[in-house]
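S.K.: pasting the structure only:
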């Protein structure tokens with residue numbers, strides 16, 4: 001049986017126009033000319049980053065008061081858990097560890113004399129309970 005028509009191997013063997021152009025050497029078209037680019041202003045980016053970092057370090061008196069109130073409430077909650085544990089006779093080491101963590105930051109100044117005195121009283125009570133428990 002004989003098949004007449006296009007031969008796939010013969011069609012693939014024909015060199016294409018693109019291959020002939022590539023044989024002459026590599027060249028870029030006019031549309032593919034390299035464009036000049038400008039470098040990003042890195043100095044401006046660094047200075048804006050520095051200013052953002054500096055602004056994050058500044059906190060308002062209301063933010064200090066909110067943070068102090070939050071720390072004071074957490075310390076009072078841990079003291080309540082300790083009181084309940086002492087009444088039940090089941091003081092856990094985790095409660096004592098939470099008490100030690102609650103003691104951190106209770107002596108920070110907020111700028112409000114009334115709040116500062118309450119925070120120092122809470123800090124004193126936490127310190128007494130830590131001393132009683134023998135936590136270092």
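M.R.: Perfect, thanks for sending it. Just so it is clear, the model here is predicted, and its values are computed rather than measured.

S.K.: and the longest helix along the chain, what does it pack onto?
M.R.: In the chain, with assignment by DSSP state H, the single longest helix is helix 61-88. For helix 61-88, the elements it packs on are helix 93-103, helix 113-133, judged by 3 or more Cβ pairs under 8 Å, 6 or more residues apart in numbering; DSSP states H and E. The C-beta positions use only the backbone N, C-alpha and C, and glycine is treated the same way.

S.K.: Could you pull out the buried residues of the last one?
M.R.: By neighbour count, and taking 16 or more other Cβ atoms under 10 Å as the criterion, the buried residues in helix 113-133 are 115-116, 119, 122-123, 126, 129-130.

S.K.: just curious, which of those residues is nearest to residue 73?
M.R.: Comparing those against residue 73 with Cβ to Cβ places residue 122 closest, at 9.4 Å.

S.K.: and that closest one, what does it touch?
M.R.: Residues in contact with residue 122, defined by Cβ atoms under 8 Å, 6 or more residues apart in numbering, are 72, 75-76, 79, 106.

S.K.: Distance of it relative to residue 76?
M.R.: Separation of residue 122 from residue 76 (Cβ to Cβ, to the nearest Å): 6 Å.
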